[in-house]
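Peer 1: Need coordinates for the following:
(one chain, ligands or ions: 1)
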Amino acid sequence: MSTTKIGWIGLGNMGIPMAGQLIKAGYQVTVYNRSKDKETALKEIGAMVAETPENLVSQNDVLVLMVSDDAAIEQIFNGANGLFSTDVSGKVIINMSTVSPAISKEMATLSKEKGAQYLDAPVSGSVKQAETGQLVIMVGGDETAFEQVKPILEKMGKMAVRLGDTGSGNVAKLAINSLLALYTQGLAETVIFANQQGIETEALLNLINNGAIANVFTKIKGDAIVADNYKPAFALKHIVKDLNLAKNIGLGSPLAKTALNTFEAATAKYGEEDLIAVIKQVKG
Ligand code: NAP
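Peer 2: Numbers count the residues shown, from 1 in each chain. Got it, this is the predicted structure:
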């Protein structure tokens with residue numbers, strides 16, 4: 001059993017299974033979540049609970065964040081009872097959320113001033129991969145800090161790779177999610193086109209999933225379309241956030257612009273549903 005103690009912030013769709021993997025691997029994990037109903041499942045498998053991010057700091061060596069967006073990061077670091085309300089020296093702070101490289105650079109600088117290390121370490125993969133420790137983790141920041149926490153990351157992911165300085169993990173993640181957006185809209189448009197021409201969804205997906213363009217994504221999201229199941233693994237509102245973050249750092253290709261328009265138009269109705277709910281928007 002590892003003696004490294006971990007403080008975990010953010011128990012959303014991803015945070016719960018990711019923190020669960022660490023507990024199952026034998027780490028002592030204390031969790032914090034803004035709303036207070038989400039710790040139950042982790043408490044049952046041994047997690048302790050903290051009332052504020054600040055309360056997590058002194059008892060833990062490594063602090064991991066898995067929350068929505070830049071605003072949440074700002075709140076958790078600089079807000080009332082945030083991480084920077086107390087002495088963070090000597091801690092390694094790993095931000096696994098999909099956020100901007102700019103906020104990572106800001107928090108990394110502040111962390112360094114206070115004697116802590118900050119790594120951006122966003123993940124590729126969704127709830128299924130989180131539940132089985134099969135995420136792909138891309139890291140920016142100090143190499144020594146990365147090597148120190150790599151064994152922890154490898155409990156959550158099948159690979160953890162350092163790409164370079166602070167923010168490089170975030171940039172890689174935004175690139176990957178722009179492809180995710182294109183895949184999602186592409187799959188939705190393809191299914192609708194086939195339906196309009198008289199081909200059943202299930203028959204089409206059976207062909208796609210046995211052909212050369214099959215992948216885990218077409219299988220999982222194809223099953224969701226067939227089952228009319230839009231329960232969020234990755235909420236549609238988050239891909240809008242990610243496409244906007246990518247746009248802010250220079251992504252302006254025709255496909256990316258189209259995808260952003262489509263997903264933005266879908267947000268009001270389907271923002272809390274899974275991103276494949278965009279098929280309902282595309283269908284009109
Ligand atoms: P989620 O289910 O929407 O959960 C979001 C978490 O962030 C919740 O714990 C929420 O707390 C917390 N949060 C939001 N605003 C906050 C604030 N101002 N202060 C404190 N906590 C705040 O999101 P998720 O699907 O787990 O995703 C988390 C991150 O991973 C996102 O950046 C997402 O883009 C990325 N990601 C997701 C997936 C996926 O498939 N789901 C895959 C890869 C990466 P409450 O419970 O109080 O709302």
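Peer 1: longest helix of the protein?
Peer 2: Longest helix in the chain by number of residues (criterion: DSSP state H): helix 168-196.
Peer 1: Do any residues in that one lie close to the ligand?
Peer 2: No. Applying Cβ under 6 Å from any ligand atom, one finds helix 168-196 separated from the ligand by no less than 7.4 Å. (Glycine included, C-beta is placed from N, CA and C.)
Peer 1: Pull out the buried residues from that helix.
Peer 2: 168-174, 176-178, 180-185, 187-188, 190-192, 194 (16 or more other Cβ atoms under 10 Å).
Peer 1: what packs against the helix or strand following it?
Peer 2: Counting by DSSP states H and E, the element after helix 168-196 in chain order, helix or strand, is helix 201-210. Secondary-structure packing of helix 201-210 (3 or more Cβ pairs under 8 Å, 6 or more residues apart in numbering; DSSP states H and E): helix 168-196, helix 216-227.
Peer 1: Can you add mean pLDDT and give those helices back as JSON lines?
Peer 2: What follows is the helices and strands packed on helix 201-210, written out as JSON lines (pLDDT from 0 to 100):
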{"stretch": "helix 168-196", "mean pLDDT": "98"}
{"stretch": "helix 216-227", "mean pLDDT": "97"}
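Peer 1: Just send those back as CSV, with distance to Lys112 too.
Peer 2: Shown next, in CSV, are those (distance: least, Cβ to Cβ, whole Å):
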stretch, distance to Lys112
helix 168-196, 16
helix 216-227, 37
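Peer 1: For Met48, find the nearest of these.
Peer 2: Nearest to Met48 among the helices and strands packed on helix 201-210 is helix 168-196; the distance by Cβ to Cβ comes to 28.1 Å.
Peer 1: so how far is the closest one off the chain centroid?
Peer 2: Relative to the chain's own centre, helix 168-196 is displaced by 16 Å; criterion: Cα atoms, centre = their mean, to the nearest Å.
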